[in-house]
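Colleague: Here is my input; please provide its structure:
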Amino acid sequence: MAIFKRLTSFVILAVLWQLSFAQTNTIPRSNPAQEGVEAKAVLQLYTSLMSLEQTEIHHVVVMRHGKVISELHPAPFRAIDAHTLYSASKTFCSMAVGLCIDDNRLRVTDRVATFFPEVLPDTISDGLAKMTVHDLLTMSSGIIPDWNMRSITTEWEKTWLAKHLKYEPGEKFLYDSMSTYMLSAIVQKVTGHTVLQLLQERIFAPLGITEAEWEQSARGVNTGGWGMRIQAESEAKFGQLLLQKGNWNGKQLISREWIDRATQCHKVPFTDNPKKNIQNPGYGYQLWLCEIPGSFCADGALGQYIFVVPEKDMVVVLNGASMKGYEEIDATFRFIKQVATNNGPLKFDAAQQKALDKFTASASQRTVKGVKVKAKPSIALHDGFALQFGADGNLQYTFDGRTITAAPAQWHYASSTVQPPYSIHPKSVFKGLNKPFTTAARYSWENRDKLVINTYWVDFISGETVTVEFDKATKKAHVSVKRNFTSTPAANLTLPYTPAR
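Modeller: Okay, the predicted model is just below:
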């Protein structure tokens, strides 16, 4: 009996632990019509996004009047899966700076150099002496961005502060993730806590966000300009907090004054791309202003967005892996513009809602439908690649020092400590991300001689497609590995294989 009680307690604790990280369905739910939005308009948004070339949609959450009216998580991605945010992380860092401002621990006029006496160069230029927190917040440090720096040294603060200032601080907009990293380091200096710890205590806990991770530098500082790993629903809560000017359930978590200051235009970063100038007409404090007056967004590489549109009382979250960011923004704002301002509930259209529900239930990433093949050829480990079928019908492939299991025509989920592919390679990469990653993999035969394996790290961003074409005449297999964040194949190999017996 004692053993049974202990086992029962263990099972209950395990379930509660899993639920504590699920964090889904914690925002009130409604349907589009009830909140003044046509279900067919939401469906059009989804179909537009899913039809974009060179684009994967992993998560979409649409909120209006503080309620989730629809969400999309195309298989194998699920609502419970976290996602890395790339530069959308910057807006979270800005709010941590705002908390320090609210607490009088920091001022936007404070000089950056004063926080780092131990790593300053022997001679401090006039420009470095003048550089302020405001200059970092507005991406106008005067330093030309060096995107390779984080990949070749662990001394990020020292190396960055030693760089030549080409412009006077505040003179020119120069988008630079290291500026945000320096803000993160300043927050840690003045509070004794990382940006993530500060947000967890002051913002995430009241919002009910318990699962959040943030990459760190070798010095244990959250990367600031990238590296937040969090669920789409938690992003939606954060966006709703900004829409509500920092107020949550009647409590002011961050001052309205800071939200107003952060969301006003401080810089107008015009580019040679007129579409980008329309979509992003200005820059605030670590966030972008958008084309609808008063709207703004957190914006990260490869399609990570939190759109906040006060005029429509809406928040829209997008996560994915896309090379078509401008087209994603176009589709999203075409949808938002259709929504009437200050309208009440619409007449419920059961057919529209049914069509929307059917689409969200069946949406999935593009995969090969496939044909049935009895042959089970194998490739011994060679040039870093191996392929082996099991008696259960699953296969295992090895590439890049890791082995993945895939199931036939359905997703095989597995927890793994193996690090996923990443489009950036900073020193101490993945430090701070402590939870195991989850892979989902499936395979299909496009024809009798062509095998296609789709793999996703569903709680990060990475995906890869492995194509193996078998040539029976030569007993050679051509192997191609393509990643979802680049158009350049990760591998093109021609390897001997052993035919099925």
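
Colleague: With Y443 as the reference, measure out to F77.
Modeller: The span separating F77 from Y443 equals 18 Å under the rule CB to CB, to the nearest Å. For glycine as for every other residue, the C-beta is placed from the backbone atoms N, C-alpha and C.

Colleague: In PDB, list the C-alpha atoms belonging to the strand or helix carrying C100.
Modeller: Assigned by DSSP states H and E, C100 falls within helix 89-102. Taking only C-alpha atoms (Å, rounded to 0.1, in the frame of the first residue of the first chain), the coordinates of helix 89-102 have been written out as PDB:
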ATOM      1  CA  SER A  89      12.900  39.000 -27.800                       C
ATOM      2  CA  LYS A  90      14.000  42.600 -27.900                       C
ATOM      3  CA  THR A  91      10.600  44.000 -26.900                       C
ATOM      4  CA  PHE A  92      10.700  41.800 -23.800                       C
ATOM      5  CA  CYS A  93      14.100  43.300 -22.900                       C
ATOM      6  CA  SER A  94      12.700  46.800 -23.400                       C
ATOM      7  CA  MET A  95      10.000  46.100 -20.800                       C
ATOM      8  CA  ALA A  96      12.700  44.900 -18.400                       C
ATOM      9  CA  VAL A  97      14.400  48.200 -18.900                       C
ATOM     10  CA  GLY A  98      11.100  49.900 -18.200                       C
ATOM     11  CA  LEU A  99      10.700  48.100 -14.900                       C
ATOM     12  CA  CYS A 100      14.200  49.500 -13.900                       C
ATOM     13  CA  ILE A 101      13.100  53.000 -15.000                       C
ATOM     14  CA  ASP A 102       9.900  52.600 -12.900                       C
END
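
Colleague: Next secondary structure after it?
Modeller: Using DSSP H and E, the helix or strand that directly follows helix 89-102 along the chain is helix 126-130.

Colleague: Tell me the secondary structure at E168.
Modeller: Classification of E168 by DSSP: H, G, I helix; E, B strand; the rest coil places it in coil.

Colleague: on that earlier part again, so for the helix holding C100, what's the average pLDDT?
Modeller: Confidence over helix 89-102, taken as the mean pLDDT, stands at 98.

Colleague: Name the residues that touch that helix?
Modeller: With contact meaning CB atoms under 8 Å, 6 or more residues apart in numbering, helix 89-102 is reached by 85, 106-108, 133, 137, 177, 180, 183-184, 186-187, 190-191, 195, 198-199, 202-203, 214, 222-228, 238, 242, 254-255, 258-259, 262, 285-287, 298, 300, 306.

Colleague: Which of these fall within strands?
Modeller: Assigned to strands by DSSP state E, the following of the contacts of helix 89-102 qualify: 214, 228, 298, 300, 306.

Colleague: where in the stretch 201-350 of the chain is pLDDT low?
Modeller: In the prediction, the stretch 201-350 of the chain carries residues with pLDDT under 70 at positions 270-278.

Colleague: which stretches of it form helices?
Modeller: Secondary structure of the stretch 201-350 of the chain by DSSP state H, counting those that start in this stretch: the helices cover 205-207, 232-243, 256-262, 274-279, 325-338, 350-362.

Colleague: before we move on, the earlier item: show me just the buried residues among the contacts of helix 89-102.
Modeller: With burial judged by 16 or more other CB atoms under 10 Å, the buried subset of the contacts of helix 89-102 is 85, 106, 108, 133, 137, 177, 180, 183-184, 186-187, 191, 195, 198-199, 202-203, 214, 222-228, 238, 242, 254-255, 258-259, 262, 285-287, 298, 300, 306.
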